[in-house]
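Chemist: Quick one: sequence plus predicted model below, questions after.
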Amino acid sequence: MFRRILLAALVGLLSMRCFSQSIDEKIGTAINHSDWFALDSISKDSTPTLPINDGEDDEKIWFEPEEPAYYLNGGHEGLMNDLYSTILKTATPQQEEVAGRAIVRFDISKEGQIVPSSIKVIRNMSVPEDYLDSAIEAIKSLRKFEPGKMNGIPKKVAMTLPIIYPIPLDKIKSCE
């Protein structure tokens with residue numbers, strides 16, 4: 001009887017140690033031991049910021065860095081203003097007749113530049129190809145970003161942007 005109680009107490013202490021491990025410790029343990037299956041035990045509510053390797057060992061793409069990339073020409077508002085202003089200049093006059101949305105993903109290098117070859121439409125909901133091409137060209141023409149950072153070190157990060165037609169004019173600041 002005493003052995004059973006002692007055994008139950010020992011099992012309880014060991015399981016408490018396993019469950020008291022924070023999510024960061026579990027991720028760190030999984031990465032350090034290359035046991036990617038251990039990441040399955042992490043709560044679904046948490047979103048680990050793991051890098052995606054795009055072929056080169058030094059050049060990993062971070063989807064959720066500690067410090068996201070920041071557009072140097074006015075932050076998110078400036079980014080949307082520059083994007084939609086450029087699309088408005090290059091879009092055909094019938095753009096008001098088009099109604100749809102698309103999601104575009106691109107990478108920002110450690111230096112803060114958009115990587116043109118990384119621009120991809122990841123979701124298209126009724127936006128014609130010529131309008132998507134106009135949006136991609138507008139993204140290529142965006143200015144420099146403050147790069148995303150992990151532990152204070154600039155990293156290559158991914159960014160996604162919505163492309164909405166008709167162009168939301170409230171996102172464009174007038175120069176008046």
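Modeler: Looks like it arrived, so ask away.
Chemist: make it CA atoms for all contacts and neighbour counts henceforth
Modeler: OK.
Chemist: what are the ranges of the helices in the chain?
Modeler: In the chain, helices defined by DSSP state H lie at 2-19, 23-32, 75-90, 129-140, listed in chain order.
Chemist: can you tell me which of the ones you listed the model trusts least?
Modeler: Lowest mean pLDDT within the helices of the chain: helix 23-32, at a mean of 38.
Chemist: Domains in the chain, by residue range?
Modeler: For the chain, automatic domain parsing gives the domain ranges 2-42, 70-171.
Chemist: give me every residue that touches the closest residue to residue 102 other than its chain neighbours.
Modeler: Beyond its immediate neighbours in the sequence, the residue positioned closest to residue 102 (Cα to Cα, 6 or more residues apart in numbering) is residue 124, lying 4.3 Å away. Each residue near residue 124 by Cα atoms under 8 Å, 6 or more residues apart in numbering is listed here: 100-103.
Chemist: quick one: which of those residues is nearest residue 157?
Modeler: For the contacts of residue 124, the residue nearest residue 157 by Cα to Cα is residue 103; the value is 16.4 Å.
Chemist: Name all residues that make contact with the closest one.
Modeler: 121-124, 160-163.
Chemist: Report pLDDT for it.
Modeler: pLDDT, read off for residue 103, is 96.
Chemist: Quickly list what it is bridged to.
Modeler: residue 123, residue 162 (DSSP bridges).
Chemist: got it, and residue 114?
Modeler: Beta-bridge pairing of residue 114 under DSSP bridges involves residue 108.
Chemist: you'd agree it is up against residue 108?
Modeler: Yes. Using Cα atoms under 8 Å, residue 114 makes contact with residue 108 at a distance of 4.6 Å.
Chemist: I'd say residue 63 and residue 159 touch.
Modeler: Yes. Residue 63 lies in contact with residue 159 (Cα under 8 Å); the separation is 7.2 Å.
Chemist: and residue 102, what does it touch?
Modeler: 121-127, 132, 162-164.
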